[in-house]
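*Asks:* Sequence and predicted structure are below.
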Amino acid sequence: MYRPPSILKILGGFFMFDSKYSYNLGAPLKKTSSPYEGESKSVIYKVKTTKRIPYFIKVNYYENDVHFIKFYHKKFEQSPNKYKMRIGNVNEMTRLVSTCIKLAVQIHDGNRNAIFGVVGQWDEVDVKKQSEISQRYRIYIKAILSVLTKSEKSFDYFTIEKLNTFLFIPSHMNSEEKIKKIGENFSNIMGSGIQDLAIPNTRPT
Amino acid sequence: MGFDNNKLNYDSNKNEMISNTKVGSKISNTLKGIFVKRLTKKDIEEIRIDSYTYTY
């Protein structure tokens, strides 16, 4: 039987991604022009949660004004799986994602052509649950849509669901040619790693 | 690296970018059925409504 969400949940849903719930973003901690993941440069910010847990938010800059934003816990800094760690609660992750969106808006304010992408990496819990899409992806997509579709900013939104990837593109930048070029670049940058974006037990055969 | 640049194609009729299954590499095979989909207003509304119920 359908049970409508309570009014508190509805109101909570409106505000849970609000920028006032994001964490403080200081000056960039580190800038690097050494391509590590195919980017032309990257900028790293450090944020601390209310429980003083340190996270890093990283923005990778690519060709065609494409930016990918991601975050990871400091203690996994050296781990190749740092984006696949599920720690903290949903509330903490939601606030981190809200912080990523705040950063995207800042970048967009400085570059109206900026195109953004996020990859919601899967983790062990997603694998155990045999989820089709990752928890990070679900939070990213809901947060981004909840925030940006009620802002004055005009974006078009694209999903590559099986790869847990979400793109938001300024509407004036959206064209068949542009999307094709972004898709090509994304594939080239990811290389064989593109296979790892799909949750293992749901990989297409 | 080493992807065929044509493996993701944009289908303007469906407003989607479709993986090109003609490419015979191992990597492109994993991309079968994967496509870039532009979200419609209806899609967006459904996702936003769902987010109000905290279904993570």
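*Replies:* Arrived safely.
*Asks:* When you work out contacts or count neighbours from here on, use the C-alpha atoms and nothing else.
*Replies:* Will do.
*Asks:* ranges for the strands of chain A?
*Replies:* Using DSSP state E, the strands of chain A run over A:30-32, A:41-48, A:54-61, A:66-73, A:115-119, A:155-160, A:165-170.
*Asks:* Lowest mean pLDDT across those strands, which one is that?
*Replies:* When those are compared by mean pLDDT, strand A:30-32 comes last with a mean of 75.
*Asks:* Report all helices and strands that that one contacts.
*Replies:* On a contact count with 3 or more CA pairs under 8 Å, 6 or more residues apart in numbering or on different chains; DSSP states H and E, strand A:30-32 meets strand A:41-48.
*Asks:* Adjacent strands (with direction) for the strand it packs on?
*Replies:* strand A:30-32 (antiparallel), strand A:54-61 (antiparallel) (DSSP bridges).
*Asks:* right, so these: which one is the most enclosed?
*Replies:* When you average the neighbours per residue for each of these (mean count of other CA atoms under 10 Å in any protein chain shown), strand A:54-61 leads with a mean of 21.
*Asks:* For that one, output the C-alpha coordinates as PDB.
*Replies:* Extracted as PDB, the C-alpha positions of strand A:54-61 are listed here (Å, rounded to 0.1, in the frame of the first residue of the first chain):
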ATOM      1  CA  PRO A  54      39.000  15.400   7.700                       C
ATOM      2  CA  TYR A  55      38.000  14.900   4.000                       C
ATOM      3  CA  PHE A  56      39.600  16.000   0.800                       C
ATOM      4  CA  ILE A  57      37.500  17.300  -2.100                       C
ATOM      5  CA  LYS A  58      39.300  17.100  -5.400                       C
ATOM      6  CA  VAL A  59      38.400  18.900  -8.700                       C
ATOM      7  CA  ASN A  60      40.000  17.600 -11.800                       C
ATOM      8  CA  TYR A  61      40.000  19.900 -14.800                       C
END
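*Asks:* gap between that strand and the chain center?
*Replies:* Relative to the mean C-alpha coordinate of its chain, strand A:54-61 is positioned 10 Å out (CA atoms, centre = their mean, to the nearest Å).
*Asks:* just the strands of chain A: most buried one?
*Replies:* Comparing the strands of chain A by mean neighbour count (mean count of other CA under 10 Å), strand A:115-119 comes out on top with a mean of 24.
*Asks:* Sheet-wise, list the partners of that one with their directions.
*Replies:* If you go by DSSP bridges, strand A:115-119 pairs up with strand A:66-73 (parallel), strand A:165-170 (antiparallel).
*Asks:* With distance to A:N60 as added columns, please give these in CSV.
*Replies:* Compiled in CSV, the strands paired with strand A:115-119 are given as follows (distance: least, CA to CA, whole Å):
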stretch, distance to A:N60
strand A:66-73, 5
strand A:165-170, 14
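*Asks:* could you measure the closest residue in space to A:F76 that isn't next to it in sequence against A:P170, distance?
*Replies:* Excluding its sequence neighbours, the residue lying closest to A:F76 (CA to CA, 6 or more residues apart in numbering or on different chains) is A:K82, at 5.1 Å. If you measure A:K82 against A:P170 using CA to CA, to the nearest Å, the figure is 29 Å.
*Asks:* Could you pull up the residues touching the residue nearest to A:F76?
*Replies:* Contacts for A:K82 were tallied using CA atoms under 8 Å, 6 or more residues apart in numbering or on different chains; they are A:72-73, A:76.
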